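**Student:** starting from these lines, generate the structure:
(2 chains)
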Amino acid sequence: EDQVTQSPEALRLQEGESSSLNCSYTVSGLRGLFWYRQDPGKGPEFLFTLYSAGEEKEKERLKATLTKKESFLHITAPKPEDSATYLCAVQAESNTGKLIFGQGTTLQVKP
Amino acid sequence: NAGVMQNPRHLVRRRGQEARLRCSPMKGHSHVYWYRQLPEEGLKFMVYLQKENIIDESGMPKERFSAEFPKEGPSILRIQQVVRGDSAAYFCASSSGYGTNYGYTFGSGTRLTVV
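**Tutor:** Numbering: from 1, shown residues only, chains lettered A, B, ... in the order given. Down below sits the predicted model:
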């Protein structure tokens, strides 16, 4: 069964304190791995898509990496406005387009 | 360029009533996906539709739930005879195709409360 597990569930950082969020996955053929950000009361906002092991993508203070079993979202020198829930999702080669989401990591950055 | 529009934003229904959730995809998008987010749980896929066709409904509960995406107008997720366990946030996403080369854009969701 295709599955996504994110850790930690919650993370508190001081402003400027870098860290990483983990997304472990099992899927029968990975078509792509997605990272989204979700603010309270809003829908997920797209961040990155990764396609193959070794791939990396960056956007401002965020950098996503991918291996054959997991993905990391690295946050460098975070700011309070980075506080949100970060969602990881996979799309399997065998399905028509649905995304399988993890539970998310809720990040709080304190000034 | 409006994004994915969902309405209503909040919906309160009494047990046994029907709930209708609407989703207008982004302009140019003909693929619509519905997800449900229960309290303290992750997003769960429900159904994938293209115009006038249900492509994948593997995540839809077998009873009381139905979805459509007519030739004209928004996609509708319909829940008949709602129960308290249906209380959740329902999100719609759209894309111009399926596969990772196409972005999936989410709406802001409809928060259904069953009292």
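**Student:** every contact and neighbour count from this point should use C-alpha atoms.
**Tutor:** Fine.
**Student:** what about the strands in chain B?
**Tutor:** B:5-7, B:10-13, B:19-24, B:31-37, B:43-50, B:53-56, B:65-68, B:75-79, B:88-95, B:105-106, B:110-114 (DSSP state E).
**Student:** turn those into TSV, columns for mean neighbour count, mean pLDDT and distance to chain A.
**Tutor:** Converted to TSV, these look like this (neighbours: other C-alpha atoms under 10 Å in any protein chain shown; pLDDT from 0 to 100; distance: least, C-alpha to the nearest C-alpha, whole Å):
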stretch	mean neighbour count	mean pLDDT	distance to chain A
strand B:5-7	19	97	10
strand B:10-13	14	98	11
strand B:19-24	22	98	13
strand B:31-37	25	96	8
strand B:43-50	23	95	6
strand B:53-56	16	94	7
strand B:65-68	19	98	15
strand B:75-79	21	98	17
strand B:88-95	26	96	7
strand B:105-106	24	94	6
strand B:110-114	21	97	9
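**Student:** redo these as JSON lines? Include distance to A:Gly41.
**Tutor:** Formatted as JSON lines, these follow (distance: least, C-alpha to C-alpha, whole Å):
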{"stretch": "strand B:5-7", "distance to A:Gly41": "13"}
{"stretch": "strand B:10-13", "distance to A:Gly41": "11"}
{"stretch": "strand B:19-24", "distance to A:Gly41": "17"}
{"stretch": "strand B:31-37", "distance to A:Gly41": "12"}
{"stretch": "strand B:43-50", "distance to A:Gly41": "14"}
{"stretch": "strand B:53-56", "distance to A:Gly41": "27"}
{"stretch": "strand B:65-68", "distance to A:Gly41": "23"}
{"stretch": "strand B:75-79", "distance to A:Gly41": "20"}
{"stretch": "strand B:88-95", "distance to A:Gly41": "9"}
{"stretch": "strand B:105-106", "distance to A:Gly41": "13"}
{"stretch": "strand B:110-114", "distance to A:Gly41": "9"}
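**Student:** what's the closest of those to A:Gln103?
**Tutor:** Smallest distance to A:Gln103 across the strands of chain B (C-alpha to C-alpha): 7.5 Å, for strand B:43-50.
**Student:** what packs against the closest one?
**Tutor:** If contacts are counted by 3 or more C-alpha pairs under 8 Å, 6 or more residues apart in numbering or on different chains; DSSP states H and E, strand B:43-50 sits against strand A:100-101, strand B:31-37, strand B:53-56.
**Student:** sheet partners, orientation included, of the first one?
**Tutor:** Translated: strand A:100-101. Applying DSSP bridges, strand A:100-101 is found paired with strand A:84-92 (antiparallel).
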